[in-house]
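Undergrad: model this:
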Amino acid sequence: MSLTEQLPALQVVVPLLTAPLIVLLRDPRLSWAAAAASSAMTFSIAIAITLSVLQTGEMIYLMGNWPAPYGIELRIDPLSALLLLIISGAASLSLIFGRQSLEDNVGTTRLPLFYAAWLIAVAGLCGIAVTGDAFNVFVFMEISSLASYVLISAGPDRRALTAVFKYLIMGTIGATFYLIGVGLVYMMTGTLNFADMEARIAEVSDQKPILVAAGFITIGLALKAAVFPLHLWLPRAYTYAPHIVTAFLAASSTKVALYVLLRFDFLVFQGNLIDHALQFASFAAPLALLGIMVGTAVAMVEGNLKRLLAYSSVAQVGYILLGASFSDTAGLSAGIVHMFNHALAKGTLFLAVAAFAMRAASLRLEALAGLGRSMPWTSAAFVLAGASLVGIPGTAGFISKWLLLQAAFAQGWLGIICVVIVVLSSLGAVYYIWRVIEQLYFGSVDQARQATTREAPAILVLGIWVGALANVFFGLVPDLPLSLSSSAASDLLRHLP
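TA: Below is the predicted model of the structure:
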């Protein structure tokens, strides 16, 4: 087999095998270099896979050359490729450019173990994206979750421990629900392979266990994705995790759960269960709209910058789910491309937060007063990423929000309600992003403090600007995410008339 054919396996193997080697290195600098090199290689593999998928279509890799469903199959389609870019890109950008922040938050003595956990989380998340087996999704889900618990609890704030405990409980419940659902599907079909499962469900005479399975799987994954009102673990986890960890997880973790949710509900269930599209829309649309409204409302009054952005993520998950609830190509494409664009914006914003945290006394908004003058490069990048989150024309966020509005208009009078809520939420985003900008540039600060505050380390500022410019680039040249998202939507909806 050629090297290109081995890429799906290498996507998981490279970070997974590097993790134990990093523990053996012990030296913080060497361990960071090895972890950064592994993350960069993982990102390069994701890019190569994406180019191959765009050129030749779906990639299939049989572990041990055993054919599915008897062996484990790795299957990468446009949706998987887009997710791999998000995961590996967020991991690489955060780890390579956030080294100084990690040393400040984690401490040098624990860094080798921390970097090993980081790569295990990357391997687990990538494994979810590439596997074609429902049970292996659970295995990789647990691998990434356990590693994420370690990453979140590694910071100096002891409140991270209670945040991790809540995340652990909620994550365990979600994984258990998912596993129960998969078990019921296996009981009725005798297979765990997604493609085989999709074909065999249609042959099941008694659909009631499948309906129950759909309920368990959907609720379990909604909990993992922080869909309102199952989002309560997310604000505390994002707030008290090390800042670079928040940048990585905010860009990738909820997107992975949404990816599995879309794959199950559209490919496995929707083509085989009567009226499942209506059932999914009845479940997803109200929760998406409530999440958009509540997440935005809380962000508008929140005084801590990380919690503000965390509640903003609850609203952004609502945007993605709302697009999916339309169950048509336009809506699903808008939701999928927003996964990519939100990862760009929110990852960049949390990297900027990491820079502010290195110079400000706290992350209360009033503590950021004047940093726009003493940290001009970081603040300008924050404004650009914030503009993308709001959906200002010329940024990536505008593309997905515009597509979502177009898809909503096609839904009739219910779609008009969705349009109104999305527009009001975007105006709310203008307000809470402006609250931060107002403090950065117009907040009052004594001259002595302003004179002693300096810009963040150059390497971190460079990483923030890579993310900020990516938001602008994909706002002006959105061909790649649009091509992948439209292909993914067409594939997910192939069962619908």
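
Undergrad: I'd like the next helix or strand past the host helix or strand of Ile143.
TA: Assigned by DSSP states H and E, Ile143 falls within helix 134-152. Going down the chain from helix 134-152, the next helix or strand is helix 159-189, by DSSP H and E.

Undergrad: What are the buried residues along that next one?
TA: For helix 159-189, a neighbour-count test (16 or more other C-beta atoms under 10 Å) marks 160, 163-164, 167-168, 170-171, 174-175, 177-185, 188-189 as buried. Quick note: C-beta positions are derived from backbone N, CA and C, even for glycine.

Undergrad: Report the backbone C-alpha coordinates of the helix holding Ile143 in PDB.
TA: What follows is helix 134-152 as a C-alpha-only set of coordinates in PDB (Å, rounded to 0.1, in the frame of the first residue of the first chain):
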ATOM      1  CA  ALA A 134     -20.100   2.800  16.300                       C
ATOM      2  CA  PHE A 135     -18.400   1.000  19.300                       C
ATOM      3  CA  ASN A 136     -15.000   2.400  18.400                       C
ATOM      4  CA  VAL A 137     -16.600   5.900  18.500                       C
ATOM      5  CA  PHE A 138     -17.300   5.100  22.200                       C
ATOM      6  CA  VAL A 139     -13.800   3.800  22.800                       C
ATOM      7  CA  PHE A 140     -12.200   6.900  21.300                       C
ATOM      8  CA  MET A 141     -14.800   9.100  23.000                       C
ATOM      9  CA  GLU A 142     -13.600   7.800  26.400                       C
ATOM     10  CA  ILE A 143     -10.000   8.100  25.500                       C
ATOM     11  CA  SER A 144     -10.400  11.800  24.500                       C
ATOM     12  CA  SER A 145     -12.700  12.500  27.500                       C
ATOM     13  CA  LEU A 146     -10.300  11.000  30.100                       C
ATOM     14  CA  ALA A 147      -7.400  13.000  28.600                       C
ATOM     15  CA  SER A 148      -9.500  16.100  28.500                       C
ATOM     16  CA  TYR A 149     -10.300  15.700  32.300                       C
ATOM     17  CA  VAL A 150      -6.500  15.700  32.900                       C
ATOM     18  CA  LEU A 151      -6.000  18.800  30.700                       C
ATOM     19  CA  ILE A 152      -8.700  20.800  32.300                       C
END
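
Undergrad: tell me the mean pLDDT over it?
TA: Computed over helix 134-152, the mean pLDDT rounds to 90.

Undergrad: Name the residues of that helix that come out as buried.
TA: For helix 134-152, by 16+ other C-beta under 10 Å, it's 134, 136-138, 140-141, 143-145, 147-152.

Undergrad: now the residue nearest to the spatial centre of the chain: how far from Thr108?
TA: Centroid-nearest residue in the chain, with C-alpha atoms, centre = their mean: Ser252, separated by 2.5 Å. Relative to Thr108, Ser252 is positioned 26 Å away (criterion: C-beta to C-beta, to the nearest Å).

Undergrad: Could you do Ile120 as well?
TA: Counting by C-beta to C-beta, the gap from Ile120 to Thr108 is 20 Å.

Undergrad: which one of the two has more residues nearby?
TA: Ile120 (22 against 14; other C-beta atoms under 10 Å).

Undergrad: Please identify the helix or strand for that one.
TA: helix 111-130.

Undergrad: Relative to Pro20, how far out is the nearest residue to Pro112 once chain neighbours are set aside?
TA: In this structure, Pro112 finds its nearest non-sequential neighbour in Ser31, 4.1 Å apart by C-beta to C-beta, 6 or more residues apart in numbering. According to C-beta to C-beta, Ser31 stands 12 Å off from Pro20.

Undergrad: Who has more neighbours out of those two?
TA: Ser31 (23 against 11).

Undergrad: wait, isn't that one in contact with Leu25?
TA: Yes. Here Ser31 lies in contact with Leu25, judged by C-beta atoms under 8 Å, at a distance of 4.8 Å.

Undergrad: Now the common contact residues for these two.
TA: Pro112 (C-beta atoms under 8 Å, 6 or more residues apart in numbering).

Undergrad: what about Cys229, neighbour count?
TA: No, residue 229 isn't Cys; it's Pro. Pro229: 12 neighbours (other C-beta under 10 Å).
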